[in-house]
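**Q** have a look at this fold, sequence not included:
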């Protein structure tokens, strides 16, 4: 068998189709974006080599990019510190056995299968100042004339887009945590119970550490997802009002396809790539160190 | 004390379930209402008269049926091709012996980290240059390319869990690699492939930015893009837009409910192995 | 574990069959949809006899089926122009049985993005397309992407074109398109609401402010529907003020790059718009509503004023969702600012038309259709009271609505016209301008940043 499994021709047949398509339509475009980012290019005229000045401009001359990065970090924080804890708590409760467990599991996941486009349109209408669901509820409860435009006022526009972003994938992460928790053998819990540990301590000292690879994966997905978030914001505000809700992807999109600033837009795109890689690396390192510390105890 | 905690927990579950579902309930009900009801008279309740005309208009004028079929075609074909290509590549990485397999695996892993919008412009130019922009392939090929890495990640995990003995037995019996793969390995991998396919399907069905940029003609447009332009056209008619959105959403929700067991099992298995 | 040979054969056969089926399906889908395209868009016109006088192309005799991909931005079914266009196409196809017109539409912002992206490539799916001349088409001309139409313009066609209407379509001595219809920026006012508020329709800025104050007292009425969510709507309002403050000639000079964007007037104009926002003339959240929302607000009596192009006159009369009495709507000029500018300055002009992609496979047919559709739409727009034709001819004036006739009179007194700025500027400053004007409709407006950013964008 080993001889068959080492046969170069067979390996090639199995790997090459996927690899070639992937390299051609993913890797090469990424590299192209990186190359474009070093030029001043509007798609029609000549390319002018600029070196790294596009990147420097991102933080020195661009009025909106630094704030867009700040926004994307806010989204990351919301995902990591609001969404994931909620998902985790739900997973804990459900895994311990409740009435209608399957019902809840199913319901929580429903927003995940809905297109972001529909979610965006729906929440736009929830946030509308005059007939939106939220303001109608507020008016009914407070009896006042409340007509605040959540999505059209620069102060709240971005935060309003964070709400559906966090809302949509709670069920997704919950399911993954749930699976992880369920896969922990009962012996651990039994041993802990014998030792008289409280539920809280059990969670802290047993569940979480054993779940660490799952938590790591969830964090990386949530984080990279937040950094490159586009769909919801594009639909709900388009980056407005007046760039208050921009994130790097929406700015990139405008620069590429409205202003035809292909070089500069590519620099913004590549910035996002580097961000994602960097943060994934950081999270992996943190977990590795935590694991090493844990095992050395 | 324990009982109180349990009751509180249950209350929390109910509240969160409500927040997950209520927006949908609102969507479905306002898709059947008149603007007057939506805007003031009857915001939260069930519609007084059920305006099915919203649905017939959406289906006929909006071209939504066509967009729905297009999304089915894109997602279906992507799932099939990604399934085949990644099943083979993942097997090679997980089980075959060759020098560069870790390198290749890392290349695929990179794909998951990459934000797809960073490839938008070059892909746009590539598809244009290859003459593929006016047709299904222009969007299908990028979808397949981007679906591959996740699928490979999930499948390699599952492949590694197959006992060596099973494989060996197949080869001992004199099966060539293809026979062994197709008749023995693949059937074992069925749940894994189902898991990977669900991820691929979800990623493709709801995708917006590629579909928005790479497809121009309304003939090949996908559902998300279609709904977006539909909503742009009829901004002031909430009922009509609501109907369009429900048409776009209900099928996936129904399929999800029917297969919810399978979906959840697959996702959970994939999560743990991956 | 003995596995029978036959079983393996069967399974392998099954899988290969499945792959073949999938491959075939992909192929079939690819082919079918190419066919579906053609059949979907063939108009169901009767087989009228070919009209000999229209066609002088040698291509026509070969009876080869020619498909022209035509793009435009009238995607909304409530848009009268869309209907007129469809009718003109049907008539053309009836007269040219070998030509099939395949039309695609997207709405304005998406449309601009699409065209820009397409022409970064070969734009192979576009033969004839709607676009704006002057500054917008300039980059396409510079990239040699447009087909000059000089060779296809016969003398009698040229004779029918209105003198002075071709400025935005000529570059470097070549003609790349012909006019269609012009637009005129008009202030639409709902007299019934003004009467209710006890104030009169404004002719000066001061009157505009006091009218807005009175209108604010009305329940559920916004004095001025801005539609600022769409940048170009916000731009209209600012540009109107700037026109009055600075004067048409100077604004045109600025747009041509001959004068810098630093005149005091631009700052004053911005301050005035911001002042109107602060007093609530545009409602509480003008950035929440776009063009369609604001139009809808006006025709349902929720807004007393709307600054829009002359094409809006038609919608006031024909939109099925309108609830106001159209005869109560009055068309007036942009309010003047005492002591500044010229009252005869106006915003508008000939800017939109259909153009031909230089890379088209059928230059003669595409050019012929482009010239035809421009003239037809020009005529149709006038006859339905949507725009002012760039062509002379015997037009049927019976369909003109009273609003349009009012605007026509206003236009006849106009002297210097200024096109919308985003059609005169290059795409980057145009986009920046449309974004900057939106800051006028929110709290915390920064006048210095407004001027500074305009200067750096425009004074290249």
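**A** In hand now; what should we look at? Treat the numbers as computed from the prediction; the structure is a model and nothing was measured.

**Q** low pLDDT regions in the stretch 101-250 of chain A?
**A** Across the stretch 101-250 of chain A, nothing is flagged by pLDDT under 70.

**Q** residues of it that sit close to chain C?
**A** A:128-129, A:147, A:149, A:151-154, A:240-243 (C-beta under 8 Å from any C-beta of the partner chain). Every C-beta, even on glycine, is put in place using the N, C-alpha and C of the backbone.

**Q** and chain B, which of those residues reach it?
**A** Near chain B, by the rule C-beta under 8 Å from any C-beta, you find none of those.

**Q** what about residue 236, how many residues nearby?
**A** This is for chain A. 27 (other C-beta atoms under 10 Å in any protein chain shown).

**Q** I was thinking of chain C, sorry if that wasn't clear
**A** 25.

**Q** give me the nearest residue to it, chain neighbours excluded.
**A** residue C:307 (5.5 Å; C-beta to C-beta, 6 or more residues apart in numbering or on different chains).

**Q** around chain B, pick out the residues from the stretch 51-200 of chain C.
**A** So the stretch 51-200 of chain C meets chain B at C:75-77, C:104, C:106-107, C:110, C:114, C:117-118, C:120-122, C:124-125 (C-beta under 8 Å from any C-beta).

**Q** so how do I select the buried members of the residues you listed in ChimeraX?
**A** The ChimeraX selection below is limited to those of these classed as buried (16 or more other C-beta atoms under 10 Å in any protein chain shown):
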select /C:75,76,104,106,107,110,114,117,118,120,121,122,124,125
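
**Q** before we move on, which element is the closest residue to chain A within the stretch 151-274 of chain B in?
**A** Chain A sits closest to residue B:268 of the stretch 151-274 of chain B, with a gap of 3.1 Å, by C-beta to the nearest C-beta. Under the criterion of DSSP states H and E, residue B:268 resides in helix B:260-273.

**Q** so what's residue 109 up against?
**A** Using chain A. A:171-172, A:174-175, B:256, B:260, B:263-264 (C-beta atoms under 8 Å, 6 or more residues apart in numbering or on different chains).

**Q** that's the wrong chain, I wanted chain B
**A** Contacts of residue B:109 by C-beta under 8 Å, 6+ apart are B:149, B:153.

**Q** what's the spacing between it and chain C?
**A** Note on residue B:109: its distance to chain C, by C-beta to the nearest C-beta, to the nearest Å, is 28 Å.

**Q** would you say that residue is within a helix?
**A** Yes: according to DSSP: H, G, I helix; E, B strand; the rest coil, residue B:109 belongs to a helix.

**Q** which bits of the stretch 151-274 of chain B sit near chain C?
**A** B:169-170, B:173, B:175, B:178-179, B:182-183, B:213, B:216-220, B:229, B:232-233, B:235-236.

**Q** what about residue C:218, is that helix, strand or coil?
**A** Once three-state DSSP is applied, residue C:218 turns out coil.

**Q** pLDDT value on the residue nearest to it when sequence neighbours are not counted, please?
**A** Once flanking residues are discounted, residue C:218 sits nearest to residue C:197: 5.4 Å by C-beta to C-beta, 6+ apart. Looking at residue C:197, its pLDDT reads 93.

**Q** likewise the one 10 residues further on?
**A** Taken from the predicted model, the pLDDT recorded for residue C:207 is 95.

**Q** name the nearest residue to it, ignoring sequence neighbours.
**A** residue C:335 (6.6 Å).

**Q** for that neighbour, give me phi and psi.
**A** phi -60, psi 140 (degrees, to the nearest 10).

**Q** who touches it in this structure?
**A** C:187, C:202-205, C:207-208, C:244.

**Q** at 10 Å what do you get?
**A** Residues in contact with residue C:335 (C-beta atoms under 10 Å, 6 or more residues apart in numbering or on different chains) are C:187, C:201-209, C:211, C:240-241, C:244, C:305, C:307.

**Q** so is stretch C:311-330 next to chain B?
**A** Yes: residues of stretch C:311-330 contacting chain B under C-beta under 10 Å from any C-beta of the partner chain: residue C:321.

**Q** and that stretch, end to end?
**A** End-to-end distance of stretch C:311-330: 14 Å, with C-alpha to C-alpha, to the nearest Å as the criterion.

**Q** as a whole number, average confidence for that stretch?
**A** 88.

**Q** so which bits of it are buried?
**A** C:311-319, C:322, C:324, C:326, C:329-330.

**Q** for those residues, please prepare JSON lines with the additional fields secondary structure.
**A** As requested, the buried residues of stretch C:311-330 are exported to JSON lines (three-state DSSP):
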{"residue": "C:311", "secondary structure": "coil"}
{"residue": "C:312", "secondary structure": "helix"}
{"residue": "C:313", "secondary structure": "helix"}
{"residue": "C:314", "secondary structure": "helix"}
{"residue": "C:315", "secondary structure": "helix"}
{"residue": "C:316", "secondary structure": "helix"}
{"residue": "C:317", "secondary structure": "helix"}
{"residue": "C:318", "secondary structure": "helix"}
{"residue": "C:319", "secondary structure": "coil"}
{"residue": "C:322", "secondary structure": "coil"}
{"residue": "C:324", "secondary structure": "coil"}
{"residue": "C:326", "secondary structure": "helix"}
{"residue": "C:329", "secondary structure": "strand"}
{"residue": "C:330", "secondary structure": "strand"}
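
**Q** how about residue C:385, secondary structure?
**A** Going by three-state DSSP: residue C:385 is coil.

**Q** try residue A:102
**A** helix.

**Q** and it, how far is that from chain B?
**A** 8 Å.

**Q** just checking, that residue touches residue B:261?
**A** Yes: assessed by C-beta atoms under 10 Å, residue A:102 is found in contact with residue B:261 at 8.2 Å.
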